[in-house]
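**Student:** below are the sequence and a predicted model; questions follow.
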Amino acid sequence: MAGIGFELRKLMRQDSLLGMLRAYAYAGVIGSGPWVLSILGILATGLLTFSVVTPAAAVTQFQVTITYIIAFSLILTGTLQLAFTRFCADRLFEKRNDLILSNFGGVTLLVTVVGGVLATIAVLWLFPEQSVLFRVVLVAAFVVVSNIWIATIFLSGMKQYRAIVLLYALGYGLTVGTAFLLRGYDLEGLLLGFLIGQVALLGGMLVLITRAFPSRRSVSFELFQRGWLYPSLMLVGLLFNAGVWADKLMFWFDPATGSPVIGPLRASLIYDIPVFLAYLSLIPGMAIFLVRMETDFVEYYTNFYDAVRQGGSLSYIEDMRNRMVATIRVGVFQIIKIQAIAALLIMVVAPDIFAALGISTLYLPLLKVQLVAAGLQVVFLAIINVFCYLDQRAILVVLTGLFLVLNILFTGISLMLGPQFFGYGFLMALAVCVILGLWLVERSMGRLEYQTFMLQ
């Protein structure tokens, strides 16, 4: 599924600084995807409308509502993201491309029904005092965003990187623009603007997907057949996304750090802004991940297993294994290096941002902690990616399950210890998992030939 990475490398072969910058810029936008761009959209909408929306609290309510939509849609669709990615990759390998679009239709239908039912129950039970329009738009936005996460699976496998970046620009530009134009309708207007932009983004994704994977059927469910569905990957997706959001939820609902915003939804001013700013530093790290880590690794990975299947020499097989190991090491080092640069840049401008938002500079240490954690999260994603390719699903379950448990445990301890320890729970959970993951990667790569030839 790393097709776009190979296309971006063509830009880097132009032997020019501009070509390299263009490749990494495209990779940064595509690699970070709707996750980071949605954060930018929320912040931009808030900055544009804060002084003109009446009441002003509607802007905060809008931002918090969208954050919850993003969080729970990721957790919900996490159960299908990796499993569906594996299904698509296997069908591409088998040259059965006709099954991909129809099963995408089946997955989106399932996500729409399940997400719609759950969201409807939630808004009827949790938001009885809100308007009917608010509840209808909230349900629709949750369903659309959930389907965007599923559609995003295909983007790294496509070669139309210019169209994808343009689509993102139009989608999130429309999100911010329509929210600004509808600001006179207060909270409902902002949410409706967000929904319009996300519908346009999803519609553009569907056009790209249907062109890339033509099929005679619209909906099918072969993904859920025995032998084609991997429950372990469903569990990994759920555990990882739950782990990413566990500390945020704990800060939101802790009486000492969170405050009510709208209905049962709460937020934590002292925690949310540093976390949001820290996640912006993911963009360059994800660019390195896509162009270097995934693409280079996949090239040697493919050569390794092609040689195994086609009777290549042992020396060539070992050489490809060694190149995979070298790619992992160099990739991790480059991610850490570029994340450090991004973190330093954000630290330089952070005092001015905090002053503009009216946040005390006492929370700058928390931002520094979260910047380190964001860098470790990209490394953790790279480790998960390697084990997905090696089909080490048991290790993936252990790592993501440990991440969730440690994040809850360490975050709880940090809340008890006080403000000077805020953020260290998420950081320590990632640090433990990254160190363990790197050791397991080294161990698995050292035994790769044995596992490949003797355990099949």
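**Tutor:** Arrived safely, thanks for sending.
**Student:** give me the distance from the longest helix along the chain to the chain's centre.
**Tutor:** Under DSSP state H, the helix in the chain containing the largest number of residues is helix 314-357. Here helix 314-357 is found 17 Å from its chain centre; the criterion is CA atoms, centre = their mean, to the nearest Å.
**Student:** following it, which helix or strand comes up?
**Tutor:** helix 364-389 (DSSP states H and E).
**Student:** returning to what we had before: tell me the angle the longest helix of the chain makes with helix 364-389.
**Tutor:** 150 degrees (axes from the mean of the first three to the mean of the last three CA atoms, to 10 degrees).
**Student:** which strands and helices sit next to helix 314-357?
**Tutor:** Packed against helix 314-357 by the contact rule (3 or more CB pairs under 8 Å, 6 or more residues apart in numbering; DSSP states H and E) you find helix 269-280, helix 282-288, helix 295-310, helix 364-389, helix 424-446, helix 448-454. C-beta coordinates here come from the backbone N, C-alpha and C atoms, glycine included.
**Student:** want to throw those helices into a markdown table with mean neighbour count, distance to Thr120 and mean pLDDT?
**Tutor:** Converted to a markdown table, the helices and strands packed on helix 314-357 look like this (neighbours: other CB atoms under 10 Å; distance: least, CB to CB, whole Å; pLDDT from 0 to 100):
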| stretch | mean neighbour count | distance to Thr120 | mean pLDDT |
| --- | --- | --- | --- |
| helix 269-280 | 20 | 27 | 82 |
| helix 282-288 | 25 | 32 | 78 |
| helix 295-310 | 17 | 41 | 83 |
| helix 364-389 | 22 | 32 | 89 |
| helix 424-446 | 19 | 32 | 93 |
| helix 448-454 | 13 | 47 | 78 |
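**Student:** can you give me the offset of whatever helix or strand Ile395 lives in from its chain's centre?
**Tutor:** Secondary-structure assignment from DSSP H and E places Ile395 in helix 393-417. A distance of 18 Å separates the centroid of the chain from that of helix 393-417, by CA atoms, centre = their mean.
**Student:** then stretch 255-267?
**Tutor:** Taking mean C-alpha positions (CA atoms, centre = their mean), stretch 255-267 and its chain are 25 Å apart.
**Student:** can you check stretch 437-456 too?
**Tutor:** 27 Å.
**Student:** and Ser414, what does it touch?
**Tutor:** Taking CB atoms under 8 Å, 6 or more residues apart in numbering as the criterion, Ser414 is in contact with Phe421, Phe422, Gly423, Tyr424, Gly425.
**Student:** sec struct for Arg216, please.
**Tutor:** Secondary structure, DSSP: H, G, I helix; E, B strand; the rest coil: Arg216 is coil.
**Student:** just give the number of residues close to it.
**Tutor:** If you count neighbours by other CB atoms under 10 Å, Arg216 ends up with 7.
**Student:** I'd like the distance between it and Leu101.
**Tutor:** 9 Å (CB to CB, to the nearest Å).
**Student:** just Gln392 next, same as before
**Tutor:** Taking CB to CB, one finds Gln392 at 29 Å from Leu101.
**Student:** same check on Phe253?
**Tutor:** Phe253 is 41 Å from Leu101, by CB to CB.
**Student:** who's more crowded, the two?
**Tutor:** In this view Phe253 and Leu101 are compared by other CB under 10 Å, and Leu101 has more residues nearby, 23 against 13.
**Student:** what comes up buried for the helix holding Ile395?
**Tutor:** 393, 395-404, 406-408, 410-411, 414-415 (16 or more other CB atoms under 10 Å).
**Student:** that helix versus helix 424-446: what angle between them?
**Tutor:** 160 degrees.
**Student:** confidence score at Leu99?
**Tutor:** Turning to Leu99, the model gives it a pLDDT of 88.
**Student:** return the distance of it relative to Phe180.
**Tutor:** 42 Å.
**Student:** the two: which has the busier surroundings?
**Tutor:** Leu99 (21 against 17).
**Student:** tell me which element the more buried one is part of?
**Tutor:** Per DSSP H and E, Leu99 falls inside helix 98-126.
**Student:** who are the packing partners of that helix?
**Tutor:** So helix 98-126, by 3+ CB pairs under 8 Å, 6+ apart, packs with helix 57-93, helix 132-152, helix 186-212.
**Student:** Val441 is nearest to which of those?
**Tutor:** Set against Val441 and scored by CB to CB, these come closest in helix 57-93, at 17.7 Å.
**Student:** and the closest one, which residues are buried?
**Tutor:** 58-89, 91-92.
**Student:** how far out from the middle of the chain is it?
**Tutor:** 8 Å.
**Student:** and that helix, what does it pack onto?
**Tutor:** Contacts defined by 3+ CB pairs under 8 Å, 6+ apart place helix 57-93 against helix 17-49, helix 98-126, helix 132-152, helix 186-212, helix 231-253, strand 259-262, strand 265-267, helix 364-389.
**Student:** report the angle between it and helix 269-280.
**Tutor:** 40 degrees.
**Student:** and the average pLDDT for helix 57-93 is what?
**Tutor:** According to the model, helix 57-93 has a mean pLDDT of 88.
**Student:** now the angle from it to helix 231-253?
**Tutor:** Using the same axes, to 10 degrees, the inter-axis angle of helix 57-93 relative to helix 231-253 is 170 degrees.
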